[in-house]
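J.: Need coordinates for the below:
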Amino acid sequence: MTRALSPEQLLAIADEFCAAYKVRIRSFPALAACAAVPGARIHGVPVCGSEREAGLSLYDAILHLKPLTSHNTDFAAIARDVYLRWADG
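T.: Below is the predicted model of the structure:
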């Protein structure tokens, strides 16, 4: 079962990233939508079959929804890696 990521957890990652890369959050709704992806379920069944798939889906969501003003590809990679380390622990 994949672990859910809260919007506040992804916001914490984004805050650190934004400070380091000198960018801003473009869309809080997009950020919240991205956070929902790893733990998404339909009728109680996880939509991601593994933590790895959930991390890749988070990466993909960030690329498509572009929650930051720039550097979304870098943010997606960092968010994926942080998620995978957190989910593994």
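
J.: How about the contacts made by residue 78?
T.: Listed by C-beta atoms under 8 Å, 6 or more residues apart in numbering, the contact set of residue 78 reads 13, 17. (Glycine included, C-beta is placed from N, CA and C.)

J.: Would you quantify the distance from it to residue 47?
T.: Distance of residue 78 to residue 47, given as C-beta to C-beta, to the nearest Å: 23 Å.

J.: Now the longest helix along the chain - C-alpha only, CSV.
T.: With secondary structure taken from DSSP state H, the chain has its longest helix at helix 72-88. The C-alpha trace of helix 72-88 is given here as CSV (Å, rounded to 0.1, in the frame of the first residue of the first chain):
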residue,chain,number,x,y,z
ASN,A,72,9.5,22.4,-12.1
THR,A,73,11.6,19.6,-13.5
ASP,A,74,14.2,20.0,-10.8
PHE,A,75,11.5,20.3,-8.2
ALA,A,76,9.7,17.2,-9.5
ALA,A,77,13.0,15.1,-9.2
ILE,A,78,13.6,16.3,-5.6
ALA,A,79,10.0,15.8,-4.5
ARG,A,80,10.1,12.3,-6.0
ASP,A,81,13.3,11.4,-4.2
VAL,A,82,12.2,12.9,-0.9
TYR,A,83,8.9,11.0,-1.2
LEU,A,84,10.6,7.7,-2.0
ARG,A,85,13.0,8.1,1.0
TRP,A,86,10.1,9.0,3.3
ALA,A,87,7.9,6.2,2.0
ASP,A,88,10.7,3.7,2.4
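
J.: Could you give the average pLDDT over that helix?
T.: Mean pLDDT, computed over helix 72-88, is 97.

J.: Could you do stretch 57-69 as well?
T.: Per-residue pLDDT values over stretch 57-69 give a mean of 98.

J.: before we move on, back to that, how about the longest helix of the chain: buried residues?
T.: Of the residues in helix 72-88, 72, 75, 76, 78, 79, 80, 82, 83, 84, 87 count as buried by neighbour count, 16 or more other C-beta atoms under 10 Å.

J.: how distant is stretch 38-55 from the center of its chain?
T.: When distances are taken as C-alpha atoms, centre = their mean, to the nearest Å, stretch 38-55 is centred 13 Å away from the chain's centroid.
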